[in-house]
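Colleague: With the sequence up front, the predicted model follows.
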Amino acid sequence: MQLPVVNQSQSAAAPSPTELEGTARGSYAVVSLGCPKNLVDTEQMLGRLNHDGYRMVDSVDSADFVVVNTCGFIDSAREESMGAIDEMLSLKRQGKIRGVVVTGCLAERQQGKLLEARPEIDAMVGVFGRNDIVEVADRLQSGVQEQQRVFRPAPIRPLSDAVRAPVTPRHFAYLKISEGCDRLCTFCAIPRMRGKHYSKPIEQVVDEAKRLGDSGVREVVVVAQDTTYYGKDLYGQPRLRDLLVELDKIDSIDWIRLMYFYPMYIDDALIDTLAGAQRILPYIDMPLQHASDSMLKRMARKTTRAIQEDIVGRLRERIDSLVMRTTMITGFPGETEDDFQQLVEFVTEQHFEHLGVFTYSVEEDTPAAKLPNRVPAKVAQRRMGELMSVQQSIAFDWNQSRVGQTEGVLIDSPLADQEGVWIGRTRSQAPEIDGVVYVSGVEEGGSVEVGDIVDCEIVASQGYDLIAAPVG
């Protein structure tokens with residue numbers, strides 16, 4: 001299994017091994033799994049470890065201990081997390097590493113089961129215990145970790161993420177504006193893992209964004225469990241618009257990308273702010289999950305197909321060149337062929353530029369786990385394939401229509417083993433989940449570096465990806 005072990009070279013804020021040589025309190029490696037919100041937690045823990053003198057290494061074989069930041073969202077994510085934990089425990093049994101620390105959503109959700117099934121785990125750090133990571137490391141290094149193996153304080157308001165060791169490339173970063181979720185969607189266990197919705201104050205978010213911009217970040221990706229709900233707990237009403245107005249003023253940032261919109265609290269004032277912004281990209285990720293009113297009701301989404309159509313229509317009408325990403329679920333309990341065909345019809349009509357599909361995953365301790373009329377797994381998979389086939393045609397046609405246009409491309413990395421070819425993204429492509437742009441044809445004497453935004457002509461499309469050449 002390929003594990004996303006964080007390399008020292010990927011960490012923009014972390015001290016180098018040379019700088020810490022002879023002074024490090026211990027060495028560690030990291031396996032970070034799951035969503036961008038989880039990645040921010042990883043970076044915060046790394047920042048604390050580095051600040052206190054621990055040294056991150058680029059291989060688990062040379063680490064004193066390994067931090068596995070897990071995801072517990074759906075079955076496939078839990079399986080990946082368990083596989084990573086088991087691989088690290090195997091290295092511990094072989095004497096290659098001293099300890100294994102399990103953090104994140106799976107540690108929060110299943111700590112009892114994990115410790116019972118895998119007693120060799122040295123420490124469990126729940127979602128709200130991330131600030132204890134240095135204490136955990138100190139106990140592990142001193143050999144007294146047996147006194148306390150579970151670090152799981154009660155949910156608290158989000159603390160600052162200013163102390164971070166970035167594991168993304170230096171030119172883009174995720175900015176978490178809130179924690180937890182007050183939605184009670186029947187299929188989702190996130191509120192049980194992440195707690196109730198807590199917003200960071202506007203001033204704190206803006207300060208963190210400025211720090212990112214000053215460190216060289218050109219693209220900030222705004223994330224939360226529920227972005228449009230931002231501020232309601234602190235200010236009595238949603239304040240996403242006010243936050244975005246302030247973020248849009250930060251000169252050191254070029255692109256601001258918005259993720260995880262919930263289809264509520266999207267009013268004209270917010271749309272006007274998005275439409276008139278200088279740095280906020282015309283890109284919105286809005287997971288809708290379904291389009292059948294029956295399914296939306298069973299999911300407790302508190303919306304209808306008509307409401308969703310109205311929201312998408314207003315956004316597209318008033319924001320020039322808007323690109324939208326969404327996700328859908330097939331095989332939810334009770335989903336009939338008619339429900340599914342309504343979903344296909346909706347996707348066909350709306351022409352989402354990006355769309356992902358999940359089959360329903362039974363999550364224990366959620367209302368949906370008790371619903372009757374389970375859909376057979378083969379049926380859910382078939383429906384997922386059919387919906388993705390519809391979406392593939394839409395996405396491929398849209399990419400083909402862009403050939404001949406000139407767009408700014410943010411360069412992410414050189415293409416391995418092909419000199420002079422670079423991988424980048426346009427404003428319409430979010431990191432790690434959308435397609436990419438392959439940039440070639442840099443003229444002699446010209447130069448391209450990671451983090452540059454280069455004007456390019458789209459010369460061809462290749463499925464979900466684009467091929468481009470610099471202009472000027």
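Modeller: Noted; the coordinates are in hand.
Colleague: Which residue comes closest to Gln391 once chain neighbours are left out?
Modeller: Leu355 (4.5 Å; CB to CB, 6 or more residues apart in numbering). Every residue, glycine included, has its C-beta placed from N, CA and C.
Colleague: these two touch, right, that neighbour and Val347?
Modeller: Yes - counting by CB atoms under 8 Å, Leu355 touches Val347, with 6.6 Å between them.
Colleague: shared neighbours, the two?
Modeller: Common neighbours of Leu355 and Val347, using CB atoms under 8 Å, 6 or more residues apart in numbering, are 328, 391, 394.
Colleague: can you pick the most crowded of those?
Modeller: Met328 (25 neighbours; other CB atoms under 10 Å).
Colleague: show me what contacts Arg211?
Modeller: So Arg211 contacts Ala162 (CB under 8 Å, 6+ apart).
Colleague: do you know how far it is from Lys249?
Modeller: For Arg211, the distance to Lys249 equals 15 Å [CB to CB, to the nearest Å].
Colleague: Convert stretch 264-284 to CSV, retaining C-alpha atoms only.
Modeller: This file holds the C-alpha atoms of stretch 264-284, laid out as CSV (Å, rounded to 0.1, in the frame of the first residue of the first chain):
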residue,chain,number,x,y,z
MET,A,264,-28.5,27.1,2.8
TYR,A,265,-27.7,30.7,3.8
ILE,A,266,-26.8,31.6,0.2
ASP,A,267,-28.4,35.0,-0.2
ASP,A,268,-28.0,37.9,-2.7
ALA,A,269,-25.5,39.7,-0.6
LEU,A,270,-23.2,36.7,-0.5
ILE,A,271,-23.6,36.1,-4.2
ASP,A,272,-22.8,39.8,-5.0
THR,A,273,-19.7,39.5,-2.9
LEU,A,274,-18.5,36.5,-4.8
ALA,A,275,-19.4,38.1,-8.2
GLY,A,276,-17.4,41.3,-7.4
ALA,A,277,-14.4,39.8,-5.7
GLN,A,278,-10.9,40.3,-7.0
ARG,A,279,-9.2,37.2,-5.5
ILE,A,280,-12.1,34.9,-4.8
LEU,A,281,-12.3,32.5,-7.7
PRO,A,282,-15.5,31.8,-9.6
TYR,A,283,-15.4,28.2,-8.3
ILE,A,284,-17.8,26.7,-5.7
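Colleague: neighbouring contacts of it?
Modeller: So stretch 264-284 is contacted by 228-229, 232, 238, 240-241, 244-245, 247-248, 250, 253-258, 261, 302-303, 311, 314-315, 318-325, 427-428, 430 (CB under 8 Å, 6+ apart).
Colleague: and if we set it to 6 Å?
Modeller: 228, 238, 241, 244, 248, 253, 255-258, 261, 311, 318-319, 321-324, 427 (CB atoms under 6 Å, 6 or more residues apart in numbering).
Colleague: Filter those residues down to just the ones in helices.
Modeller: 241, 244, 311, 318 (DSSP state H).
Colleague: Tell me which two in those are the farthest apart.
Modeller: Taking CB to CB, the two most distant members of these are Leu244 and Ile311; they sit 17.2 Å apart.
Colleague: So if I had to pick from these two, which one is more boxed in?
Modeller: More neighbours surround Leu244 than the other of Leu244 and Ile311, with 22 against 18 (other CB under 10 Å).
Colleague: Leaving aside the residues adjacent along the chain, what's closest to that one?
Modeller: Thr273 (5.5 Å).
Colleague: Before we go further, that neighbour is sitting in a helix, right?
Modeller: Yes - under DSSP: H, G, I helix; E, B strand; the rest coil, Thr273 falls within a helix.
Colleague: Give me the neighbour count for it.
Modeller: Around Thr273 there are 17 residues (other CB under 10 Å).
Colleague: What is the distance between the helix or strand encompassing Thr327 and the centre of its chain?
Modeller: In the assignment (DSSP states H and E), Thr327 maps to strand 323-330. Its chain's C-alpha centre and that of strand 323-330 lie 15 Å apart, by CA atoms, centre = their mean, to the nearest Å.
Colleague: looking at this protein, which helix or strand does the model trust least?
Modeller: The helix or strand of the chain with the poorest confidence is helix 17-20; it has a mean of 37 (mean pLDDT, DSSP states H and E).
Colleague: Hmm, Val448 is touching Val442, no?
Modeller: Yes - counting by CB atoms under 6 Å, Val448 does reach Val442; the two are 5.4 Å apart.
Colleague: Looking at this structure, which helix is longest?
Modeller: Under DSSP H, the chain gives helix 377-401 as its longest helix.
Colleague: for the nearest residue to Glu345 once chain neighbours are set aside, what are its contacts?
Modeller: In this structure, Glu345 finds its nearest non-sequential neighbour in Ala291, 7.6 Å apart by CB to CB, 6+ apart. Shown in contact with Ala291 (CB under 6 Å, 6+ apart): 305, 342-343, 346.
Colleague: Including neighbour count and secondary structure, could those go into CSV?
Modeller: As requested, those are exported to CSV (neighbours: other CB atoms under 10 Å; DSSP: H, G, I helix; E, B strand; the rest coil):
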residue, neighbour count, secondary structure
Arg305, 18, helix
Gln342, 19, helix
Leu343, 26, helix
Phe346, 19, helix
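Colleague: Pipe the residues you listed into JSON lines and attach pLDDT and distance to Ala189 per row.
Modeller: Putting these into JSON lines (pLDDT from 0 to 100; distance: CB to CB, whole Å) gives the following:
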{"residue": "Arg305", "pLDDT": "97", "distance to Ala189": "25"}
{"residue": "Gln342", "pLDDT": "98", "distance to Ala189": "26"}
{"residue": "Leu343", "pLDDT": "98", "distance to Ala189": "23"}
{"residue": "Phe346", "pLDDT": "98", "distance to Ala189": "26"}
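Colleague: For those, work out which two are farthest apart.
Modeller: Longest distance between any two of the contacts of Ala291 is 9.2 Å, between Arg305 and Leu343; criterion CB to CB.
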